[in-house]
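A.B. asks: Requesting a structural model of the entry that follows:
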Amino acid sequence: MAWDTAKTKRLLLDAAVNEFATYGPEGARIDRIAAAAGVNKERIYPYFGGKRQLFAAVVQRELEQLAAAVPMEEADGRTVDLPEYAGRVFDYHLAHPHLLRLLQWESLCGDATTPVAGEERRAAYYAEKVATVSRASREGANPAQAKARLPPEDLLYAVVALAGWQFAAPQLARMILGEATCEDPVARRAAVVDMVRRLAL
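C.D. replies: Numbering: from 1, shown residues only. I've put the predicted structure just below:
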């Protein structure tokens with residue numbers, strides 16, 4: 001019987017998500033990942049090259065899943081309303097809190113000037129999103145509005161930060177906003193959407 005390489009890789013990546021989100025690339029253990037996947041740990045090395053490369057593959061896959069689940073353009077080519085896009089990103093992080101933990105671990109493994117795995121490709125992806133925000137701003141603004149708006153790269157960064165920070169540092173959100181507010185995701189989503197709407201004016 002032929003070995004199903006694609007399925008084995010998927011099982012390993014699925015198992016590695018929780019391991020890396022919990023322990024980071026330093027504390028994660030290959031044997032736990034392999035056991036959770038039901039795969040011999042020796043399979044990891046020819047498929048991914050080692051623990052660091054597996055971590056990079058996990059981060060890349062999770063970012064690709066976010067991009068696929070929350071596109072900035074609708075199926076008909078129209079640009080998604082930016083405040084609603086922020087709400088959808090918020091929804092995604094609410095349902096997938098491990099993604100921000102993975103990104104935090106990634107940042108802790110280097111310094112601000114150290115490129116991360118796949119950085120060039122990821123930067124190009126964000127450049128496309130900045131261009132989409134810029135195009136939507138030009139198409140939807142009158143000249144007076146256009147002068148008042150944030151630069152598109154700042155606006156996109158604000159959307160990313162507003163939609164995710166509550167999940168990345170929930171203790172700060174709890175202390176600043178109050179526990180009752182933080183425990184109401186519908187209200188928090190509405191607040192994020194409203195803030196982005198105000199920023200995009």
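A.B. asks: In terms of residue numbering, what are the domains of the protein?
C.D. replies: 1-58, 70-199 (automatic domain parsing).
A.B. asks: What's the first helix or strand after the lowest-mean-pLDDT helix or strand in the chain?
C.D. replies: Of all helical and strand segments in the chain, the minimum by mean pLDDT, DSSP states H and E falls on helix 143-148, at a mean of 50. Proceeding C-terminally, helix 143-148 gives way to helix 152-168 as the next helix or strand, assigned by DSSP states H and E.
A.B. asks: low-scoring stretches of this protein, by residue?
C.D. replies: Regions of the chain meeting the criterion pLDDT under 70 cover residues 1-3, 140-148.
A.B. asks: need the helices for it, in chain order.
C.D. replies: Counting by DSSP state H, one finds helices in the chain at the ranges 5-27, 30-37, 44-48, 51-69, 82-95, 98-108, 119-140, 143-148, 152-168, 170-177, 179-182, 185-199.
A.B. asks: Give me the buried positions along the fifth one.
C.D. replies: Going by neighbour count (16 or more other CB atoms under 10 Å), the buried part of helix 82-95 is 82, 83, 85, 86, 87, 88, 89, 90, 91, 92, 93. For glycine as for every other residue, the C-beta is placed from the backbone atoms N, C-alpha and C.
A.B. asks: need the contact list for residue 98.
C.D. replies: When the contact criterion is CB atoms under 8 Å, 6 or more residues apart in numbering, the partners of residue 98 are 17, 18, 21, 62.
A.B. asks: No more questions from me, cheers.
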